[in-house]
Structures are given as structure tokens and as C-alpha cells.
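Undergrad: generate a structure from the sequence data that follows.
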Amino acid sequence: QVQLVESGGGLVQAGGSLRLSCTASGYSFSYFAMGWFRQAPGKEREIVAAISMSTSFTYYTDSVQGRFTITRDNAKKTVYLQMSSLKPEDTAEYYCAGRWRVGRVPTAQSEYDDWGQGTQVTVST
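TA: Residues are numbered from 1 along each chain as shown. Next up, the predicted model:
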């Protein structure tokens, strides 16, 4: 199990950028595939991006493809979500999640074992 803490959320104007960070405590972070999810008011939680244990593979939902980038630094036990060209529809609570020892990129919520508390991202017009 790993404990996850997100940071970096805030208020930004449309077209702007933010970088979210998710830092893990515990051990064996490098054995976790990591994902970023988001939940807007009144909507279901959805996957935004995910990255494999080895950083070889990434996944992006269509709506963020080309605007968001997920990376990880295993030495710092941190996964990042660089968000650019932000739109008002990106406004949501963003959560990071971890899945232990899986040799692919999990994309479903049910595949993840550990979750952070979330960080709010608000994009104004």
C-alpha cells in the first residue's frame, strides 16, 4: 500500500498551465502504475492519464491528448501531470491513484488500489 498526496491545483485562466504533483509515502513506488483521474460536479470520475511502472507506456483520454503530459520520477516517488492550454471544462477535482505491480497501463477506476485526497483545479473564462 502507498499513501498519496496531491498538490499543485488552483485557479487559472483559460489557456493557462498548471502542474499537478502526487507524492507517495511508503515503499516500492516504482512498482506502482499511476493514474490521474478527475471528477467535475455532477459528473462521474473519469481517467485523465496513466503511466506504467517503467514509464514506457502512457495513456491519455481523448479530451486531453496533446495538452496534458504525465511523467514520473521514481527517485522522488512522485508522478506529475503537466496541464497546458487549459479549458473551463477541465475544471474538476483531480485525484492520483496507484496500482501495484501491473504490466500495463490501467485505465479503469476499479483497477486502482490506492487514492489520494484530491486537488481542485478551476479554469476560468
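Undergrad: would you map the strands across the protein?
TA: With DSSP state E applied, the chain shows strands at 3-7, 10-13, 18-25, 32-39, 46-51, 58-60, 68-73, 78-83, 92-100, 114-115, 119-124, listed in chain order.
Undergrad: what residues are up against the most centrally placed residue in the chain?
TA: When CA atoms, centre = their mean is applied to the chain, the residue found nearest the centroid is Trp36 (2.2 Å). Taking CB atoms under 8 Å, 6 or more residues apart in numbering as the criterion, Trp36 is in contact with 20, 22, 47-50, 70, 79, 81, 94-97. For the C-beta atoms, the positions are set from N, CA and C on the backbone; glycine is no exception.
Undergrad: returning to what we had before: can you list the strands of the chain in a markdown table and add mean pLDDT and distance to Ala108?
TA: As requested, the strands of the chain are exported to a markdown table (pLDDT from 0 to 100; distance: least, CB to CB, whole Å):
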| stretch | mean pLDDT | distance to Ala108 |
| --- | --- | --- |
| strand 3-7 | 96 | 18 |
| strand 10-13 | 98 | 28 |
| strand 18-25 | 97 | 18 |
| strand 32-39 | 97 | 9 |
| strand 46-51 | 98 | 7 |
| strand 58-60 | 97 | 11 |
| strand 68-73 | 97 | 16 |
| strand 78-83 | 98 | 18 |
| strand 92-100 | 96 | 10 |
| strand 114-115 | 96 | 13 |
| strand 119-124 | 98 | 22 |
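Undergrad: deepest-packed of these, please.
TA: When these are scored by mean count of other CB atoms under 10 Å, the highest mean neighbour count falls to strand 32-39 (a mean of 25).
Undergrad: adjacent strands (with direction) for that one?
TA: The strands beside strand 32-39 in its sheet (DSSP bridges) come out as strand 46-51 (antiparallel), strand 92-100 (antiparallel).
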